[in-house]
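1. What follows is a protein structure lacking sequence information:
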């Protein structure tokens, strides 16, 4: 079964850290560009960070630079999002997305993991 499964979310105090995981099954993540998105209640989904499969290039939302780090462990077929110095405005459902464009486009979404930053 082809799927992405996120984990690692939870409740954390402001200034704390969380590490989200996005584990793939049924396909090899190394061939895909992986992005993390988030969506807070009442707001549109926004791109948080991406890791390219072509050259390892990374993208971060400007407001997150220096606090979030995306990485990949090919042996575990998993992508991570390390989140430090968390703020209440980081509260959202976090989703991972895998996309590969060749002759066809293959795209998968996970079910999401909730991150709540609150004292």
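-> In hand now; what should we look at? All figures in this text were calculated on a predicted structure; none of them were measured in a lab.

2. can you pull the contacts of the residue nearest the centre of the chain?
-> The residue lying closest to the centre of the chain (Cα atoms, centre = their mean) is residue 36, at 2.9 Å. Residue 36 is in contact with 20, 22, 47, 48, 49, 50, 70, 81, 94, 95, 96, 97, counting by Cβ atoms under 8 Å, 6 or more residues apart in numbering. In this view, the C-beta of every residue, glycine as well, is placed from N, C-alpha and C.

3. same check, this time on residue 1
-> By Cβ under 8 Å, 6+ apart, the contact set of residue 1 is 25, 26.

4. Quick check: it vs residue 86, distance?
-> To residue 86, residue 1 is 32 Å away according to Cβ to Cβ, to the nearest Å.

5. Residue 106 now?
-> Separation of residue 106 from residue 86 (Cβ to Cβ) stands at 32 Å.

6. more neighbours, the two?
-> Neighbours per residue (other Cβ atoms under 10 Å) separate residue 106 from residue 86, with residue 86 holding more: 21 against 13.

7. now the strands: where do they sit in the protein?
-> Taking DSSP state E as the criterion, the chain carries its strands at 3-7, 10-12, 18-25, 33-39, 46-51, 58-60, 68-73, 78-83, 92-101, 105-109, 113-117.

8. Reformat those as TSV; add mean pLDDT.
-> Supplementary listing: the strands of the chain in TSV, determined by pLDDT from 0 to 100:
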stretch	mean pLDDT
strand 3-7	96
strand 10-12	98
strand 18-25	97
strand 33-39	97
strand 46-51	96
strand 58-60	94
strand 68-73	96
strand 78-83	97
strand 92-101	96
strand 105-109	93
strand 113-117	98
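
9. Let me know which of those is tucked in deepest.
-> Most buried of the strands of the chain, by mean neighbour count (mean count of other Cβ atoms under 10 Å): strand 78-83, with a mean of 23.

10. Out of all residues in this structure, which is the farthest from the middle?
-> Distance from the C-alpha centroid of the chain, by Cα atoms, centre = their mean, peaks at residue 103 (25.4 Å).
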